[in-house]
Structures are given as C-alpha cells and as structure tokens.
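1. Only the shape, not the letters, is given here:
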C-alpha cells in the first residue's frame, strides 16, 4: 500500500506539489491524473525517494521506500516513457530479453560441459525463468537436502527403506505446500489482507529470522526421519 500524507515539494519560489494526500490500496486500480506541470512525476519521484519532500511523507507498506528490505520486490516504476525504444514493439522487446537470457544460459552450459563438470538441466532452467522466486528457491534447497540424506541412507542396514522414507518426506512437503497455498488463498480472500499470517512487520531481521526458523524446522523433521529410517524392520 502507498500512502501520500500532506506531501509538499517546493523548488525555490515554485510549488510543484501542494499538500496532497491519498492512498493506493492493494486490489484497487488508482488513477493519478493532471495536466502537464501538475506535479505527477514529482510526486512519484518522492514516493521512490528520488526527491526529498519539503514537508509531508510518502510511505510504501508503512515505511519510506528507501528503507524497504527488498526495494525491487516491493515496488516497480517507470517514470519516463522515453526510456522505452519507440521503434521496438512490446513483443520484440520480450523476444530480445529472452534471446539475451538464452545466450547466457547456453554459454554457461557449454562452459560447464567442456570443463567436464555437469550440464544445466533444461527443466530447472525453464522453471527458474518462468516461475516466481518463492517457488524456484525451494527446488535447489530440496535437491541439496535430498543429496545429503541419500548419502546417509546408502550407509544404513536397509538403504532401500531409508530412501523410500526420504521420498515419502519430500512428497509430504510438496503436497503440504500445495494444500497450504489453497488454504492461504482462502484466508487472504476472507480477511482482505495480503499478509494475514504475518507475525512481525517488515524489518531487516524478519527475513533472516524466517530463514533460520525454516532451516530449524526442516533439520528437526529430517532428524526425526533419520531416527525412524534407521530402525530395523520388525
């Protein structure tokens, strides 16, 4: 949510923005209209922290945009349409970006192949490009955890059983995440809030704390799993 609170900007003897207030709320399309020189661009520059207000405040999710933990993931903006090449259509622009990404991926893949190390899996690359980071980040985490668990399982008296227990745990995570996503969507719709389960506000320590809690829970579950998988079958 963007909050504009009594925002004013004065350049010398000219008032560019004069004590304006409004909110841009999640789930709503907000139009910001006015003639040339009305202060629209100046207001957006103050929201982005590019200009300092003479008085008043511009807040993004309750704090100045410059204080956001992940600014690029919080707010996107295009202040000047001239930044876009007029001779390039939106389709060609996306094709150019895709081709650039493809060239980089192919170069990395060929370098790794010639070094005799490994190849980039096409499915993983595609998922990394098209799926959001919140989903794709868990894939390498699961791969690393699964690698170390399988190495441990091979040293057990019954490695096949230990591996199957690991697969069962991973499957439970996947199904549980899907079910939680459905339940969370219902909670968001019912509460009309984009963060209904948030325990703390946005801060510099919230993300590291969440990562530590997540790692602790996963470590605890796999420690319990190893205890079950190492027991002899009766």
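-> Cool, got the structure. Not measured: the values here are computed from a predicted model. Residues are numbered from 1 along each chain as shown.
2. Which parts of this protein are strands?
-> Ranges of strands in the chain, per DSSP state E, are 2-11, 14-24, 55-60.
3. quick one, domains of this protein?
-> Listed by automatic domain parsing, the domain ranges of the chain are 2-83, 85-120, 132-195+202-229.
4. rank the ones you listed by pLDDT, which is bottom?
-> Among those, domain 85-120 carries the lowest mean pLDDT, a mean of 80.
5. Quick check: residue 47 vs residue 190, distance?
-> 30 Å (Cβ to Cβ, to the nearest Å). In short, each C-beta sits where N, CA and C put it, glycine included.
6. So if I had to pick from those two, which one is more boxed in?
-> Set residue 47 next to residue 190 and count neighbours by other Cβ atoms under 10 Å: residue 47 wins out with 22 against 9.
7. Might one say that the more buried one is in contact with residue 60?
-> Yes. Using Cβ atoms under 8 Å, residue 47 is in contact with residue 60, at 6.8 Å.
8. who touches both of the two?
-> 2, 75 (Cβ atoms under 8 Å, 6 or more residues apart in numbering).
9. Leaving out the residues flanking it, which one is nearest to residue 120?
-> What sits nearest to residue 120 in space, not counting adjacent residues and going by Cβ to Cβ, 6 or more residues apart in numbering, is residue 109, at 4.5 Å.
10. before we move on, back to that, residue 140: which of the strands of the chain is closest?
-> Closest to residue 140 of the strands of the chain, according to Cβ to Cβ: strand 55-60, at 30.3 Å.
11. And the closest one, what does it pack against?
-> strand 2-11, strand 14-24, helix 40-47 (3 or more Cβ pairs under 8 Å, 6 or more residues apart in numbering; DSSP states H and E).
12. do that again at 7 Å, thanks
-> If you count contacts as 3 or more Cβ pairs under 7 Å, 6 or more residues apart in numbering; DSSP states H and E, strand 55-60 packs onto strand 2-11, helix 40-47.
13. hey, where'd the helices end up in the protein?
-> 40-47, 71-74, 90-114, 122-130, 133-136, 138-153, 159-191, 206-229 (DSSP state H).
14. Out of those helices, which is the most enclosed?
-> Neighbour counts (mean count of other Cβ atoms under 10 Å) averaged over each of these peak at helix 40-47, with a mean of 20.
15. Other residues contacting stretch 139-153?
-> Applying Cβ atoms under 7 Å, 6 or more residues apart in numbering, the external contacts of stretch 139-153 come out as 124, 127, 159, 162-163, 166, 170, 218, 222, 226, 229.
16. and of those residues, the nearest to residue 73?
-> Residue 73 lies nearest to residue 127 out of these, by Cβ to Cβ, at 18.8 Å.
17. Show the pLDDT at that closest one.
-> Note on residue 127: pLDDT of 66.
18. switch to numbering from 39
-> Happy to do that; since the first residue is 39 now, the last one works out to residue 165.
19. and the gap between the residue nearest to residue 158 and residue 157?
-> Distance, residue 147 to residue 157, using Cβ to Cβ: 6 Å.
20. now do residue 220
-> Computed as Cβ to Cβ, the residue 220 to residue 157 distance reads 35 Å.
21. Likewise for residue 181?
-> As for residue 181, its distance to residue 157 is 15 Å (criterion: Cβ to Cβ).
22. Over to residue 73?
-> Residue 73 is 57 Å from residue 157, where distance means Cβ to Cβ.
23. Next: residue 93.
-> Counting by Cβ to Cβ, the separation of residue 93 from residue 157 is 58 Å.
24. tally of neighbours for residue 45?
-> Using other Cβ under 10 Å, residue 45 has 23 other residues around it.
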